[in-house]
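Trainee: Sequence and computational prediction follow.
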Amino acid sequence: MDDRSGALALTPLLLFLALFFGAGLYFTGQGEAMGFYQLRAPVAILPALALAAFIAWRRRLGAVETLLRGMGDPGIVLMCLIFLLAGAFAQVSRAIGAVDAVVALGVNTLPPALLLPGLFAVAGAVSLAIGTSMGTIAAVVPIAVGVADAAGLDRVLVVGAVVGGAMFGDNLSVISDTTIAATRTQGARMRDKFRENFRIALPAALATMVLLGLAGEPAPVEPVRSTTPWLTVPYLLVLALALAGLDVLLVLSIGIVTAAAFGFGLAPGYGAAGLAADIWTGFEGMTEILLLSLLVGGLGALMKAAGGLDWLSGAIARFARGHRGRRTGEFSIAALAGTADVFTANNTVAILVGGSVARDIARRHGISPRRAASVLDIFACVPQGLLPYGAQLLLAASLAGVSSFALAGRVWYCWLLALVAIAFIAWPRRALAAEGQA
């Protein structure tokens, strides 16, 4: 296969990104606050699928069969099941008041001198527990804005701390869709990816908290209306079971049952009918990412069959000639994830789009699955927390009444995470140690 035909097989992916990004720019220019979410990704990918199927048909590759094999890949189907259970657990936990319990427990224990780093830590804990930066921002920002106004602190700085904490927890959470997508596309175990990620994220988080501690002034904090701390148990149990290495499907199933039991016992009026409705609502919340996962699986299979992924891997190999393979491969995965996120403004979409390519790069350059999953997730997370047109900053800015462009410069954690991650890739001793442990 020549270079032209191999490169042509990648054009469906470029078409998908162009449509998604172009529509986002257009609607944003028309004054839509959530311009990048007017054209949904599962719809934007349909023309790309048609083009990929046409290319496969022209090469007599069995377009329909290849598409269905890609969509029905066991890894894709398992990922979809995990998304559904994660959505159900998050919704049930939210409905019984567990999110409020986590927020109240954190804010009510903050010493005034540690307000800013404390808000970062609270947002990180909530996001780590519920597995979504968007849900964390929605839960914590309104409280943080009230605290900021009462303490006379800069709203942008306070909200930037919350967004940074939300991205920290989302990047590490075992029930986050980005973590699920990164581990499944790279064939890594959840526990191994968490440990690899934690080694990189912790220094960035500690540095962020130090800077936030120096930036804020001690001030009194009004206590938040508290609920029973026992409602935090389902989150803690899920985190503990996942870190213990239990299968993620079983972990989430146990989490749903546990949250339901605590809801029946501690949440007034919560019963079987409410549980069933919340599970369905959780499923509905994952519909878009589930559909996209299936369609991306089909698109990836079509591009791979047509030689597109082989061409891309070969191009990277040619670029890496004369350089150390592992380091070049990790920087290539980082660039792939970051670029895809900038174009899609969705870190999960970026991971799904680039996952199979990243896995191939990792194999060619001797990168362990856990390391590849970690790099892929981190560099999809970094731009997502800094994009003024991304959902996280748009939501936080709208809740706080500030500019998303101004907010992008105050999410210090994401900037520091990028620096620490680049240092971990480039530092020879660190790199060799990571390879030796893989």
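Mentor: Perfect, thanks for sending it. Here the structure is a predicted model, which means the values were calculated and not measured.
Trainee: C-alpha only now, for contacts and for neighbours.
Mentor: Noted.
Trainee: Could you measure from residue 41 over to residue 348?
Mentor: Relative to residue 348, residue 41 is positioned 11 Å away (Cα to Cα, to the nearest Å).
Trainee: between the two, who's got more neighbours?
Mentor: residue 348 (27 against 22; other Cα atoms under 10 Å).
Trainee: Which element, helix or strand, includes the more buried one?
Mentor: helix 347-364 (DSSP states H and E).
Trainee: do residue 104 as well
Mentor: Assigned by DSSP H and E, residue 104 belongs to helix 98-107.
Trainee: give me the number of residues near residue 403?
Mentor: 15.
Trainee: who's in contact with it?
Mentor: By Cα atoms under 8 Å, 6 or more residues apart in numbering, the residues touching residue 403 are residue 397.
Trainee: residue boundaries of the helices in the stretch 151-300 of the chain?
Mentor: 155-172, 177-186, 190-215, 233-243, 248-266, 272-285, 287-305 (DSSP state H, counting those that start in this stretch).
Trainee: Contacts for the shortest one next, please.
Mentor: The contact list for helix 177-186, computed with Cα under 8 Å, 6+ apart, reads 75-76, 79, 82-83, 86, 131-132, 170-174, 189-190, 193, 347-348, 351-352, 355-356, 358-359, 369-370, 372-374, 376-377.
Trainee: Go again with 7 Å.
Mentor: Identification of contacts with helix 177-186 by Cα atoms under 7 Å, 6 or more residues apart in numbering yields 75, 79, 83, 171-173, 189-190, 193, 347-348, 351-352, 355-356, 359, 369, 372-373, 376-377.
Trainee: Could you do the first one as well?
Mentor: Residues lying outside helix 155-172 but in contact with it, judged by Cα under 7 Å, 6+ apart, are 116, 119-121, 123-125, 127-128, 131-133, 136-137, 141, 144-145, 148, 176, 179, 194, 197, 377-378, 381, 385, 396, 402, 407, 410-414.
Trainee: ok so, going back, tell me the most buried of the helices of the stretch 151-300 of the chain?
Mentor: helix 155-172 (a mean of 29; mean count of other Cα atoms under 10 Å).
Trainee: State the mean pLDDT of that helix.
Mentor: Helix 155-172 comes out with an average pLDDT of 92.
Trainee: And it, how far out from the chain middle?
Mentor: 13 Å (Cα atoms, centre = their mean, to the nearest Å).
Trainee: How about stretch 409-425?
Mentor: 16 Å.
Trainee: quick one: buried residues of that stretch?
Mentor: For stretch 409-425, the neighbour count (16 or more other Cα atoms under 10 Å) marks 409-418, 420-422, 424-425 as buried.
Trainee: Ok, stretch 6-22 next?
Mentor: Quick answer for stretch 6-22 (16+ other Cα under 10 Å): 6-13, 15-17, 19-22.
Trainee: give me the element residue 366 is part of.
Mentor: For residue 366, there is no host helix or strand (DSSP H and E).
Trainee: which ones are touching it?
Mentor: Counting by Cα under 7 Å, 6+ apart, residue 366 makes contact with residue 326.
Trainee: Against residue 359, how distant is it?
Mentor: 10 Å.
Trainee: distance of residue 96 from residue 426?
Mentor: Counting by Cα to Cα, the separation of residue 96 from residue 426 is 45 Å.
Trainee: So for these two, which residue has more residues nearby?
Mentor: The neighbour comparison of residue 96 against residue 426 (other Cα under 10 Å) goes to residue 96, with 26 against 15.
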